[in-house]
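J.: got a predicted model here, sequence first, then my questions.
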Amino acid sequence: MKLKNAARYFDTDTVTDGYTGAVLFKAQFSSYEGAAPDGSFQRRRVVSVAPGILPASRRVVVVQGARWIMGELVVDAFKDKAIRQTCAAKEATDLFALLTPAQAALKSPGTTLYGHRQYLKDTVNSVTDSNYDPQYEVFFAITESLKAGYFLKSANQYLHIRSLQFANEGYWVAVSDELALSPASDAEVTAAFAGTYDPLTETAGTGVTTTGVMLDMYKLYNFNTEADPRNQAGDMSLIVAKSAVTPSDNQIITIGGVKWRNIKFTSYHDAWNVQIRSEEHTSEL
């Protein structure tokens with residue numbers, strides 16, 4: 001009997017597609033053999049399949065009722081012939097909606113995808129209130145299309161992707177800031193942009209009201225030139241869709257009854273990133 005056929009005999013775990021439920025193949029799932037000094041364990045598995053088996057199109061599978069995200073398959077060989085394929089698998093912790101900045105601002109549904117979320121560290125808002133906000137690493141299948149600056153919304157959390165890295169196991173790792181514990185929190189706001197003032201007629205044009213996402217300025221601040229305004233205590237970032245509004249310099253924006261001034265606005269994918277400052281703080285300068 002050939003060695004690869006002998007190994008195939010022990011492929012007894014039925015693997016189904018994590019998105020469609022279609023039966024894919026038989027495999028061997030085993031616990032990841034990794035121990036930490038404190039006795040903790042990792043929610044991770046090693047998947048072993050026969051040569052020639054193709055993974056799920058989006059690399060998410062279900063085995064024994066648990067959903068896993070498969071990494072890149074690596075071929076094991078004997079005498080120059082492939083006998084097995086193995087890869088790491090991370091448990092899917094959340095079903096996320098992947099949103100472009102404009103989709104997040106307009107509360108559009110976006111694209112759904114499974115991810116493995118794990119706590120990374122706390123970041124400190126040293127400019128304003130010294131509060132500690134958690135930052136996470138979220139692992140996604142390498143087949144997914146993600147970009148730094150996009151948003152992730154689950155049933156319990158709202159995240160903003162700060163940077164995107166590639167893990168050698170075959171995953172995208174999205175280092176993400178937590179904006180809120182609930183998508184329906186204060187991160188999603190309604191902003192009323194005042195009409196542009198015409199000094200010749202001494203009248204203001206018609207304003208625009210739209211939805212947007214508001215986050216701490218330090219999580220999205222970019223200092224590009226010496227002419228750029230500095231990030232001051234209390235400044236915030238407001239993300240609004242380009243299709244909904246075109247901001248103007250020094251424009252007054254009312255959010256939740258509080259007046260803010262448009263200090264600077266820059267293009268941010270399919271949206272605007274508006275640096276806003278409370279009128280109360282502006283008047284004190």
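T.: Ah, there it is.

J.: near I252, how many other residues are there?
T.: For I252, the neighbour count with other CB atoms under 10 Å is 17. To be clear about C-beta, it is placed using only N, CA and C from the backbone, and glycine gets the same treatment.

J.: burial measure for the closest residue to S126 other than its chain neighbours, as a count.
T.: Spatial nearest neighbour of S126, excluding adjacent residues (CB to CB, 6 or more residues apart in numbering): Y218 at 7.7 Å. When neighbours are counted by other CB under 10 Å, Y218 registers 18.

J.: which residues of this structure score low on pLDDT?
T.: 1-7, 9-10, 32-44, 127-130, 184, 197-204, 221-228, 281-285 (pLDDT under 70).

J.: all helices of it, in order?
T.: Ranges of helices within the chain are 3-8, 101-106, 279-283, based on DSSP state H.

J.: give me the buried positions along the second one.
T.: Just to be clear, that refers to helix 101-106. By 16 or more other CB atoms under 10 Å, the buried positions in helix 101-106 come out as 101-106.

J.: now those as CSV including distance to W272?
T.: Shown next, in CSV, are the buried residues of helix 101-106 (distance: CB to CB, whole Å):
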residue, distance to W272
P101, 8
A102, 9
Q103, 14
A104, 12
A105, 9
L106, 12
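
J.: out of the residues you listed, the closest to S278 would be?
T.: Within the buried residues of helix 101-106, the smallest distance to S278 is 20.5 Å, found for A105 (CB to CB).

J.: who's in contact with the nearest residue to V46 once chain neighbours are set aside?
T.: Spatial nearest neighbour of V46, excluding adjacent residues (CB to CB, 6+ apart): S30 at 5.1 Å. S30 makes contacts with 45-46, 48, as judged by CB atoms under 8 Å, 6 or more residues apart in numbering.

J.: got it, and V274?
T.: 237-240, 247, 253, 262, 264-265.

J.: how far does the lengthiest strand in the chain sit from its chain's centre?
T.: Criterion DSSP state E: the longest strand present in the chain is strand 111-124. The chain centroid and the centroid of strand 111-124 are separated by 7 Å under CA atoms, centre = their mean, to the nearest Å.

J.: still on that earlier bit, just the buried residues of helix 101-106 now: which is nearest T112?
T.: Closest to T112, out of all of the buried residues of helix 101-106 and judged by CB to CB, is Q103, at 12.4 Å.

J.: pretty sure H269 sits against A104.
T.: No - at 10.0 Å, H269 and A104 do not qualify as touching, with contact defined as CB atoms under 8 Å.

J.: what's around V75, how many residues?
T.: There are 11 residues near V75, going by other CB under 10 Å.

J.: any idea how far the closest residue to it other than its chain neighbours lies from Y19?
T.: Leaving out its chain neighbours, the residue that sits closest to V75 by CB to CB, 6+ apart is A82, at 4.9 Å. A82 sits 28 Å away from Y19, going by CB to CB, to the nearest Å.

J.: which one of the two is surrounded by more residues?
T.: Ranked by neighbour count (other CB under 10 Å), A82 and Y19 place Y19 first, with 16 against 13.

J.: so how far is D11 from the residue nearest to V46?
T.: 12 Å.

J.: what sits in contact with each of the two?
T.: Joint contacts of S30 and D11 (CB under 8 Å, 6+ apart) are S48.

J.: can you show me the CA trace of stretch 123-143 as CSV?
T.: Provided in CSV are the C-alpha atoms of stretch 123-143 (Å, rounded to 0.1, in the frame of the first residue of the first chain):
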residue,chain,number,x,y,z
THR,A,123,-3.4,52.3,23.3
VAL,A,124,-3.4,55.6,25.3
ASN,A,125,-5.1,58.8,24.2
SER,A,126,-2.4,60.9,25.8
VAL,A,127,-3.5,64.0,23.9
THR,A,128,-6.9,64.4,25.5
ASP,A,129,-7.9,62.2,28.5
SER,A,130,-5.3,59.4,28.9
ASN,A,131,-7.9,56.8,28.5
TYR,A,132,-6.8,53.3,27.6
ASP,A,133,-8.5,51.8,24.5
PRO,A,134,-7.9,48.2,23.4
GLN,A,135,-6.3,47.2,20.1
TYR,A,136,-6.8,43.8,18.5
GLU,A,137,-5.3,41.5,15.9
VAL,A,138,-8.0,40.1,13.7
PHE,A,139,-6.9,37.2,11.4
PHE,A,140,-8.6,36.6,8.1
ALA,A,141,-8.2,34.1,5.3
ILE,A,142,-5.7,35.1,2.7
THR,A,143,-8.4,35.0,0.0
